[in-house]
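In: quick check, what structure comes out for this input:
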Amino acid sequence: MIARGLLPLPRGFVNRVVEVGALTEAIGHARSAGTQGVFVLSGLPGVGKTVLAAHVAGLIRTTFEHGSLCVRMGASADANSVDEALTFLLIQLGVERLPTTSQELRARFQAETADRELLLVIDDVGPAAQLTNLLPASSRSVVLATSRRRSEGFARERYRVIDVPVFDRDSAAAMIRADIGANRPDAEEREIQALAELCGYLPLAMSVAGAQLVTRHRGPIADYLERLERATSRIAQLTIDGERPVEAIFEISYQDLAEAERRAYRLLSLHPGTQFALTTAAAAMGCDVDEAEVLLEALVTANLLSVVGERRYELHSLVRDHAAALAREQEHPADLRAATARIGAHYLDFAVAREQVFSNRPHFGPRFDGQVPLAYDGEDAWLRAAADFDLERPNLRRAVRMALDERLDQLAWQLGEAMVTYLFQRDLSDDAIDIYSTGLVAARRIQEDPADGDARPLLRMHAELGTAYFSAKDNDRALEQFDQALALADRLPAHSEAVLVTTAKTLVWKAFDHSRRGAVEQAVVLVERARLLMEDPNFPERMRARELAVLDMNSGPMFASVDRHADAIAAGERAIAYLKLSREKHNAAKAVANLGESLAKAGAPYRERAISTLTEAVDLLARFGILSWEAHSSELLGELFDAAGQSEQARVWHGRAEELRDRLAGK
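Out: Below is the predicted model:
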């Protein structure tokens with residue numbers, strides 16, 4: 001007798017080439033080896049595990065001599081559910097007189113399947129123990145299960161777990177096109193891609209959105225996208241016949257959690273991005289790292305959270321949407337604000353700990369008073385800090401906006417202050433403009449607050465926004481910010497460290513602006529004003545040597561441009577002597593580059609030294625990823641080799657400069 005039980009074949013199955021290929025290949029290997037293959041499809045709720053299982057089963061079911069069986073479990077761990085499943089399977093096997101006890105049901109199922117080659121599909125199985133109790137006796141059988149849980153028991157029992165991810169971009173677009181078909185000839189590719197992204201590439205969400213576009217939404221697709229985008233809860237908009245299938249499927253998994261796990265789930269929705277570190281999650285929950293790790297692992301087991309790296313996790317955008325709605329309903333607003341403040345404070349400490357690795361530059365704000373230790377020490381500290389910043393860059397940018405929206409203004413501007421060196425050295429002018437524009441709003445509110453009235457944050461944000469615009473080559477806006485900073489400084493107490501240091505630095509940046517415009521004589525005047533200010537007895541003594549060294553580093557090429565070559569070279573040599581002993585690896589590299597430029601401008605007698613110095617500079621700049629400076633130094637080397645008549649060498653350096661500029665343009 002051939003058993004005939006199977007999930008219905010899916011309509012409009014899209015892609016899944018990788019998953020289908022991996023699964024059918026693994027099943028083939030198990031059958032060739034004569035061993036029972038047990039395969040569990042696991043993944044986010046709504047990702048299409050059941051559809052994938054049905055599709056694969058449909059491809060292979062005719063190859064099993066004794067047919068196929070199917071049962072849906074509903075993820076219950078109840079012993080009764082196993083008995084009900086065994087009863088249903090025995091009926092499919094043609095058994096007429098069914099046992100009445102659990103032990104008899106299991107024994108009869110084992111006897112009926114002992115010599116058969118069967119495909120068994122189990123949809124929505126619970127823990128591994130449940131799956132084990134449903135396995136057929138035959139080694140020639142194959143079991144294909146789906147599970148909303150990521151049970152550790154699957155690994156212990158050596159069942160093959162296959163992760164089912166959300167769709168990639170192309171597959172998502174293909175699914176939406178297949179769903180809306182000829183019903184929406186006005187659909188453009190960019191709109192389809194935008195809809196897929198808004199649905200988080202989750203098949204269930206995309207199928208609901210497609211159905212809405214085919215039926216009730218008859219206006220422009222752009223209007224539908226706008227409605228989804230501005231919705232407080234996106235999944236609340238994804239309804240079918242008055243039901244919310246996406247929300248419902250997340251809710252099932254949520255209800256299976258313990259109360260502490262549910263609270264963790266809700267609070268994680270406050271994080272401004274979808275990916276985060278374990279330490280960040282601990283901050284959101286207000287608990288220690290060990291406790292947070294246990295809670296997060298429970299969410300991973302429930303497939304509501306994904307592991308994306310060492311102690312790093314991801315909350316899918318629609319899952320986050322579901323958790324956020326629950327947080328608004330169930331958490332007190334004061335508790336939500338406190339959790340948000342903890343996240344912001346965590347990122348501030350993160351940034352301060354790494355900014356201080358980069359530089360001894362003066363910083364202002366209560367977290368730069370020595371409370372936060374350096375993140376790293378040693379030879380590779382700079383690169384490790386930069387790698388951390390690179391990883392958290394999107395979250396840091398969002399954290400500034402989050403702090404502003406929650407009126408955590410002290411956090412907002414200080415986050416910007418704590419990223420000064422990183423943003424500038426990595427040529428991240430777009431990020432910097434956004435962060436310092438946001439910080440400027442927060443700083444202005446601080447100044448206007450009768451209970452505070454401190455104008456120093458506003459001074460810092462004007463100055464740093466000016467440097468951001470300068471990096472983006474928006475010279476007019478840069479000069480506007482520098483002038484506003486200097487005008488504000490004139491109205492503040494002259495003895496303030498923040499005022500003195502920021503004024504001197506802003507004069508140097510204004511000198512850069514004049515130099516870029518070709519007004520080099522005016523630039524030199526500003527540089528010399530800055531030096532006088534730094535040498536003034538009122539200037540903070542603990543900051544003077546460092547600030548003078550950086551001034552020497554920056555002023556050398558300006559002196560060289562007005563033929564003060566001896567001053568330029570001397571300034572460059574002083575800068576290198578100081579900075580090579582500091583932890584400011586980026587500035588030490590820049591000092592070598594600027595000395596090389598000064599030597600290049602000094603003419604033929606200094607050409608060989610200029611080439612040697614600039615060659616050393618590009619190696620240092622490349623190591624620390626300072627692309628714009630590396631490109632400029634490479635271009636100078638090309639010009640030097642041109643002047644020396646070495647065209648082949650010149651071509652190599654000009655090519656390197658062009659490649660680096662292209663990389664910068666693509667950032």
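In: what secondary structure does Leu69 sit in?
Out: strand (DSSP: H, G, I helix; E, B strand; the rest coil).
In: partner residues bridging it?
Out: Leu120 (DSSP bridges).
In: that one and Ile60, how far apart?
Out: 14 Å (Cβ to Cβ, to the nearest Å). C-betas here are computed from N, CA, C, even on glycine.
In: check Glu355 too.
Out: Distance from Glu355 to Ile60, by Cβ to Cβ: 57 Å.
In: find residues that contact each of Leu69 and Ile60.
Out: Leu119 (Cβ atoms under 8 Å, 6 or more residues apart in numbering).
In: looking at the two, which one has more neighbours?
Out: When neighbours are counted by other Cβ atoms under 10 Å, Leu69 comes out ahead of the other of Leu69 and Ile60, with 28 against 17.
In: surely the more buried one is in contact with Gln92?
Out: Yes. Counting by Cβ atoms under 8 Å, Gln92 is a contact partner of Leu69 at 5.1 Å.
In: ok, then the element right after the worst-scoring helix or strand of the chain on mean pLDDT?
Out: When the helices and strands of the chain are compared on mean pLDDT, DSSP states H and E, strand 3-4 comes out lowest with a mean of 58. Once the chain leaves strand 3-4, the next helix or strand it forms, by DSSP states H and E, is helix 17-33.
In: show me which positions of that next one end up buried.
Out: 19, 23, 27, 30-31 (16 or more other Cβ atoms under 10 Å).
In: cool, and stretch 488-498?
Out: Under 16+ other Cβ under 10 Å, the buried positions of stretch 488-498 are 488-489, 492, 496, 498.
In: among the residues you listed, which one has the lowest pLDDT?
Out: Of all these, Ser496 carries the smallest pLDDT score, 83.
In: just give me the closest of the buried residues of stretch 488-498 to Asp290.
Out: Ala498 (39.7 Å; Cβ to Cβ).
In: and the closest one, what element?
Out: Short version, using DSSP H and E: Ala498 is in helix 497-516.
In: dump that helix to PDB, restricted to CA.
Out: This file holds the C-alpha atoms of helix 497-516, laid out as PDB (Å, rounded to 0.1, in the frame of the first residue of the first chain):
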ATOM      1  CA  GLU A 497      39.000  76.200  28.100                       C
ATOM      2  CA  ALA A 498      36.200  75.300  25.600                       C
ATOM      3  CA  VAL A 499      36.200  78.900  24.200                       C
ATOM      4  CA  LEU A 500      40.000  79.300  24.000                       C
ATOM      5  CA  VAL A 501      40.700  75.900  22.400                       C
ATOM      6  CA  THR A 502      37.700  76.100  20.000                       C
ATOM      7  CA  THR A 503      38.600  79.600  18.900                       C
ATOM      8  CA  ALA A 504      42.200  78.600  18.100                       C
ATOM      9  CA  LYS A 505      41.100  75.500  16.200                       C
ATOM     10  CA  THR A 506      38.400  77.400  14.300                       C
ATOM     11  CA  LEU A 507      40.900  80.000  13.200                       C
ATOM     12  CA  VAL A 508      43.000  77.200  11.700                       C
ATOM     13  CA  TRP A 509      40.000  75.800   9.900                       C
ATOM     14  CA  LYS A 510      39.100  79.200   8.600                       C
ATOM     15  CA  ALA A 511      42.700  79.400   7.400                       C
ATOM     16  CA  PHE A 512      42.200  76.100   5.500                       C
ATOM     17  CA  ASP A 513      39.100  77.600   3.900                       C
ATOM     18  CA  HIS A 514      41.000  80.700   2.700                       C
ATOM     19  CA  SER A 515      43.900  78.500   1.500                       C
ATOM     20  CA  ARG A 516      41.400  76.400  -0.600                       C
END
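In: and it, what does it pack onto?
Out: helix 456-471, helix 475-490, helix 520-535, helix 541-561 (3 or more Cβ pairs under 8 Å, 6 or more residues apart in numbering; DSSP states H and E).
In: buried residues in the second one?
Out: For helix 475-490, the buried set under the neighbour-count rule, 16+ other Cβ under 10 Å, comprises 478-479, 481-482, 484-486, 488-489.
In: what separation do you get for Gly181 and Gly439?
Out: Counting by Cβ to Cβ, the gap from Gly181 to Gly439 is 48 Å.
In: ditto for Val524
Out: 31 Å.
In: and those two? Which one has more around it.
Out: Gly439 (29 against 20).
In: quick check: that one touching Leu408?
Out: No. Look at Gly439 against Leu408 with Cβ under 8 Å: they stay out of range, at 11.8 Å.
In: what kind of secondary structure is Asp377 in?
Out: coil.
In: hang on, Thr87 packs against Arg97?
Out: No. Counting by Cβ under 8 Å, Thr87 stays clear of Arg97, with 11.9 Å between them.
In: share the number of residues neighbouring Glu259, please.
Out: 7.
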